[in-house]
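**Q** following is a predicted model, sequence given first.
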Amino acid sequence: MLDLGTGTIRRLTQDRRKLHGLDWTADGGAVVIASNRLGDFALWSVAVDTGVARPVAAGLTRIGAVATSAGRIAAEVETSRATLMV
């Protein structure tokens, strides 16, 4: 996080896991990210003031872009299809 007023840079997450996509919540109090912080990718809301993360949606395979608006979250989710031939 970069504070444009002071120029101070602060790390928001501490778990050193992969992140894909991010967007601010409407109130600016959190950032919604896609991360594999518990193994599988999931959407997380990370509070800007404390860095506390809470799960929003779990069990997603791969997540690309994330967008928030009007209390809703949209995420690009990669899926694969498999065909079993017998």
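**A** Here it is on my side, so go on.

**Q** so which strand or helix has the residue nearest in space to the middle of the chain?
**A** Nearest residue to the geometric centre of the chain (CA atoms, centre = their mean): I33, 1.1 Å. Counting by DSSP states H and E, the element that carries I33 is strand 30-38.

**Q** list the buried residues of that strand.
**A** 30-37 (16 or more other CB atoms under 10 Å). Where C-beta positions appear, they are placed from N, C-alpha and C, glycine not excepted.

**Q** direction included, what does it pair against?
**A** Paired neighbours of strand 30-38 in the sheet (DSSP bridges): strand 19-24 (antiparallel), strand 40-47 (antiparallel).

**Q** how about the shortest one as PDB, C-alpha atoms only?
**A** Output of strand 19-24 as PDB, limited to C-alpha atoms (Å, rounded to 0.1, in the frame of the first residue of the first chain):
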ATOM      1  CA  LEU A  19      -2.300 -13.100  -5.600                       C
ATOM      2  CA  HIS A  20      -4.300 -12.600  -8.800                       C
ATOM      3  CA  GLY A  21      -6.500  -9.500  -9.400                       C
ATOM      4  CA  LEU A  22      -7.600  -7.000  -6.900                       C
ATOM      5  CA  ASP A  23     -10.200  -4.300  -6.400                       C
ATOM      6  CA  TRP A  24     -11.200  -1.900  -3.700                       C
END
